[in-house]
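Asker: Task: produce atomic coordinates for the following.
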Amino acid sequence: MHQLNKFMTSNVYTVNETQSVQDAANLMSQYNIGSVPVVNNAGQMVGIITDRDITLRTTAQGEAAQTPISQEMTAQQVVQGTPEMDAHEAAQLMAQHQIRRLPVVENGQVIGMVALGDLAVDNQLNNEAEEALSSISTPSEPQKLV
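Answerer: From the prediction side, this is the model:
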């Protein structure tokens with residue numbers, strides 16, 4: 001069995017939901033990462049913010065850099081894995097939801113992050129990572145501006 005805890009990066013940077021999108025963008029720039037789990041004051045994961053969220057929900061909408069992350073993050077139906085989840089299942093989940101990164105959560109706390117690239121390096125998971133990437137890369141309809 002290929003559990004996610006064998007593939008995940010355990011040194012995960014998080015941001016608090018009260019911080020600004022600029023804080024999140026600075027963290028992404030500093031560590032060359034494309035998404036950051038969002039936590040509340042108790043350290044519980046409440047969402048995720050991506051570089052795409054910042055671009056489309058903040059910059060493209062003319063929002064200020066000091067806008068709180070809580071207003072721009074994805075909070076509904078945040079897809080997440082568990083340390084014991086099978087990597088095959090994780091790859092399928094990532095393909096189904098068209099995501100490249102999966103936070104690994106235990107007792108509400110973010111303990112890791114798995115990227116498609118983490119799965120692709122294992123020969124037994126290479127095909128599933130390739131299929132997931134193919135599904136993720138399928139164009140979706142652009143969001144309409146309201």
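Asker: Give me the nearest residue to residue 8, chain neighbours excluded.
Answerer: residue 112 (3.2 Å; Cβ to Cβ, 6 or more residues apart in numbering). Bear in mind the C-beta positions are built from the backbone N, C-alpha and C, glycine included.
Asker: and the strand or helix carrying the one you found, what other elements does it pack with?
Answerer: Using DSSP states H and E, residue 112 sits within strand 109-115. The contact analysis (3 or more Cβ pairs under 8 Å, 6 or more residues apart in numbering; DSSP states H and E) places strand 109-115 against strand 35-39, strand 101-106.
Asker: how about JSON lines for those, with distance to residue 21, mean neighbour count and mean pLDDT added?
Answerer: As requested, those are exported to JSON lines (distance: least, Cβ to Cβ, whole Å; neighbours: other Cβ atoms under 10 Å; pLDDT from 0 to 100):
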{"stretch": "strand 35-39", "distance to residue 21": "10", "mean neighbour count": "24", "mean pLDDT": "95"}
{"stretch": "strand 101-106", "distance to residue 21": "18", "mean neighbour count": "22", "mean pLDDT": "94"}
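Asker: nearest to residue 95, of those strands?
Answerer: Comparing the helices and strands packed on strand 109-115 by their distance to residue 95 (Cβ to Cβ), the top pick is strand 101-106, with 11.0 Å.
Asker: Next, the angle from that closest one to strand 35-39.
Answerer: 30 degrees (axes from the mean of the first three to the mean of the last three Cα atoms, to 10 degrees).
Asker: Tell me what angle strand 101-106 forms with strand 109-115.
Answerer: Using the same axes, to 10 degrees: strand 101-106 against strand 109-115 is 150 degrees.
Asker: what does strand 101-106 contact?
Answerer: 4-5, 8, 12, 34-35, 37, 45, 48, 78-83, 85, 90, 93-94, 110-116 (Cβ atoms under 8 Å, 6 or more residues apart in numbering).
Asker: Separate out the buried members of these.
Answerer: Neighbour-count burial (16 or more other Cβ atoms under 10 Å) applied to those gives 4-5, 8, 35, 37, 45, 48, 78-82, 85, 90, 93-94, 110-116.
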